[in-house]
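[1] Sequence first, then the predicted structure, then my questions.
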Amino acid sequence: MSPAFDLTLPEPERRRAGALASGWLDLLYIPGAGFASPLEPGAYRSSFLIVPAQGPALRVSSFVVPAFGGELCRIRLEPVASYRPESLGSFFEPSRRGLVYAMSGDRRGGAARPPEQPGWYYDGPSLRPRLGDVTRVRRVRERLHAPSTPGWSWVADRGLALTGADGEESLLLAAGDAEEPTLIPTLGLYRALIDPGVTPTPGATVRDLLGYGEWEIPLEIAVELEPC
């Protein structure tokens, strides 16, 4: 059997992920169109910036590669030397919505201003009580292969499961169609990714939640939680 295509976290990124089990000063996002999903309430898609109490800020994005006739991905964690917090929205202080660039009415110019359109910014309760002190971080690892197609096999660290101070889980999950991952502060249907005992929901099975629902080829899928 040929080895699986490997999209696991490189060691430097694995260490960064493990270090996130600590205090966070803030969790920031880029506001704009497509931020809040109209189909998945409580799921937010953006490039995120984690500001830990110790160490550099980390940009969280999706690393996407074309493979097997589609796109595979993993979560990606990169240190950020400098950033402009005033241009970013905050999950810890929802009144801070960041800035978006908007054209003037005559379309002859534009200016940066806070987003006003529904779904362009976070308007829920502060996530500081949950993610201000993360007690455990685990990698959400997918293993897939196509039994009918030799060589179709891959393993990828799709995301991070974050245990907050309140004991509840949140997810950062990479997406295969863009660089922006998804944050799911309250798991809902996504609990199926970390709890094999959850009864599958039609249209929201593990295959659907991982983004393979429209792939026509039969796939065998396993999801594991790995320590960082």
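    Perfect, thanks for sending it. Note that the structure is a prediction, hence the values are computed from the model and not measured.
[2] got the end-to-end distance for stretch 192-206?
    6 Å (CA to CA, to the nearest Å).
[3] chain center to that stretch: distance?
    With CA atoms, centre = their mean, to the nearest Å as the basis, stretch 192-206 stands 18 Å off its chain's centre.
[4] Counting neighbours, what do you get for the closest residue in space to Leu99 that isn't next to it in sequence?
    Sequence neighbours aside, Ala112 is the residue nearest to Leu99 in space, at 4.2 Å (criterion: CB to CB, 6 or more residues apart in numbering). Where you see a C-beta, it was placed from the backbone N, CA and C, and this is true even at glycine. By the measure other CB atoms under 10 Å, the count of residues near Ala112 is 11.
[5] quick one: Ala112 is in a strand?
    Yes: the assignment for Ala112 (DSSP: H, G, I helix; E, B strand; the rest coil) places it in a strand.
[6] need the contact list for it.
    By CB atoms under 8 Å, 6 or more residues apart in numbering, the contact list for Ala112 reads 87, 99-102.
[7] Please identify which pair of these lies farthest apart.
    Across the contacts of Ala112, the longest distance by CB to CB is 13.3 Å; it joins Ser87 and Ala102.
[8] Among the contacts of Ala112, show me the least confident.
    Among these, Ala102 has the lowest pLDDT, at 70.
[9] mind checking how far it is from Ser90?
    Per CB to CB, to the nearest Å, Ala102 is found 20 Å from Ser90.
[10] what do you get for Val223?
    Taken as CB to CB, the span from Val223 to Ser90 is 30 Å.
[11] quick one, which of these two is more surrounded?
    When neighbours are counted by other CB under 10 Å, Val223 and Ser90 differ, and Ser90 comes out ahead with 22 against 18.
[12] For the closest residue to that one other than its chain neighbours, give me its contacts.
    With sequence-adjacent residues excluded and distances taken as CB to CB, 6+ apart, Ser90 is closest to Arg96, at 4.2 Å. The contact partners of Arg96, by CB under 8 Å, 6+ apart, come to 88-90.
[13] thinking again about what came up before, who does the residue nearest to Leu99 form a beta bridge with?
    Tyr101 (DSSP bridges).
[14] The longest helix anywhere in the chain packs against which elements?
    As assigned by DSSP state H, the longest helix anywhere in the chain is helix 11-19. Identification of packing neighbours for helix 11-19 by 3 or more CB pairs under 8 Å, 6 or more residues apart in numbering; DSSP states H and E yields strand 70-80, strand 136-145.
[15] possible to save those as CSV with mean pLDDT, mean neighbour count and distance to Val155?
    Below are those laid out as CSV (pLDDT from 0 to 100; neighbours: other CB atoms under 10 Å; distance: least, CB to CB, whole Å):
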stretch, mean pLDDT, mean neighbour count, distance to Val155
strand 70-80, 95, 19, 10
strand 136-145, 96, 20, 5
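[16] Of all those strands, which one is nearest Ala57?
    Comparing these by CB to CB, strand 70-80 comes nearest, at 4.6 Å.
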